[in-house]
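Visitor: Quick one: sequence and predicted model below, then my questions.
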Amino acid sequence: MTQENHTPDSAQATARNPNAGKITLVGLGPGRHDYLTERAREAIAEADTVIGYVTYIRLVQDLLEGKEIIKKAMSEELDRAIEAFDRARLGKKVAIVSSGDAGVYGMAGPTFEMLFQAGWTPESEVEVEIVPGASAINACASLVGAPLTHDFCAISLSDLLTPWPTIARRLDAAAYADFVVALYNPKSGRRTRHISEARRIFLRHRDPETPVAVVKSAFRPKQRIEITTLDAMPGAEIGMLSTVLIGNSSTYVKHGLMITPRGYTDKYELERGRRSARDGEKPGRSLSTGLSGWLEALSTSGQSPAELAKIYRLPEDYIAAVIADSSETDDASGEALPGGNRP
């Protein structure tokens, strides 16, 4: 489904009904004012009421003069959304503030869940806008180098709303697939074992010397950065305000910076500031080990799907399906795929 202008801008909403209420979900970024976007500042300035977790309210306290302020506890996300909707239906402009980005473990999700249950639609009188902000994964990465240059994912270790087996499966899949992984909510006063179990899962697939960065309170007064390894991670200071970045098999640390290569040196020779393609590679083209090259390797290997599955660490049924599909394509077109043979 393709949608255009799903969220109306302020001018459209005002033209629709100048007295209509509005909910703005504001991502505050890391928390320091110089990393607050201009639109986030405007949204807070426009608001009659600002709602948020007490710590997030404190981050923008000096911007809230003259506004109704509603502070909620950590576990009262739905209450924040309900309070916002109640006031918006009365014509109020309400800002719900979240640290980082409102859509990344923030208030956007619970707010929309509540709105949909209440019968709200995007065409309703109450307008909803999301103001993006830099998430913790971006803020923390910027402080330790370039750990996210290649594929990465974020996993929360909080089991307040997610069953642990689900979290464990995600950790295992991400570790096996060699993602760089950011762990949100790694530890709290009550949840002390979760980070140890995450490490146990990662050590099934990763070298113990895999680089790990632990960043606490990025861009805030109590910021703390620690670079360690998967093996030594238990000795790191990790708490609820920490984000843990676990590197992939290529990530390294140099001069105190954590770097994940994108793969340029696999394709190019770099010498004295100049680059040239390695043997078998072409600038601007897929790697020789990209999809086409891989299909060719499969078709000429002479090995069974079971043997190939072990080599490539991929499911045997997937390998078999790829080989079968390649054969069918050859038969139908009379032309061989790269490396294939005509009948």
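Guide: Thanks, I have the structure now. Numbering: from 1, shown residues only.

Visitor: Only C-alpha atoms from now on, for both contacts and neighbour counts.
Guide: Fine.

Visitor: just the strands in the stretch 1-150 of the chain please.
Guide: With DSSP state E, counting those that start in this stretch as the definition, the stretch 1-150 of the chain shows strands at residue ranges 22-27, 49-53, 68-72, 93-98, 127-131, 145-146.

Visitor: Which strands and helices lie in contact with the shortest one?
Guide: So the one you mean is strand 145-146. Using 3 or more CA pairs under 8 Å, 6 or more residues apart in numbering; DSSP states H and E as the contact criterion, the secondary-structure elements in contact with strand 145-146 are strand 257-259.

Visitor: pLDDT (mean, whole number) over the strand it packs on?
Guide: If you average the pLDDT over strand 257-259, you get 97.

Visitor: Partner strands of it, with direction?
Guide: strand 145-146 (parallel), strand 252-254 (antiparallel) (DSSP bridges).

Visitor: So which bits of that strand are buried?
Guide: Neighbour-count burial for strand 257-259, with 16 or more other CA atoms under 10 Å as criterion, is recorded at 258-259.

Visitor: What is the subsequent helix or strand relative to that strand?
Guide: Read in the C-terminal direction, the helix or strand following strand 257-259 is helix 264-267, with elements assigned using DSSP states H and E.

Visitor: got the strands of the stretch 1-150 of the chain as CSV, with mean pLDDT and distance to residue 276 columns?
Guide: Written out in CSV, the entries for the strands of the stretch 1-150 of the chain read as follows (pLDDT from 0 to 100; distance: least, CA to CA, whole Å):
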stretch, mean pLDDT, distance to residue 276
strand 22-27, 97, 43
strand 49-53, 95, 53
strand 68-72, 93, 57
strand 93-98, 96, 46
strand 127-131, 97, 43
strand 145-146, 97, 24
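
Visitor: Quick one, which of these gets closest to residue 266.
Guide: Minimum separation from residue 266 across the strands of the stretch 1-150 of the chain (CA to CA) falls at strand 145-146, 17.9 Å.

Visitor: gap between the closest one and the chain center?
Guide: Centroid displacement of strand 145-146 relative to its chain, using CA atoms, centre = their mean, to the nearest Å, is 16 Å.

Visitor: Buried residues, the very next helix or strand once past it. List them.
Guide: Tracing the chain past strand 145-146, the next element assigned as helix or strand by DSSP H and E is strand 152-156. Residues of strand 152-156 classed as buried under the neighbour-count rule (16+ other CA under 10 Å) are 152, 154-156.
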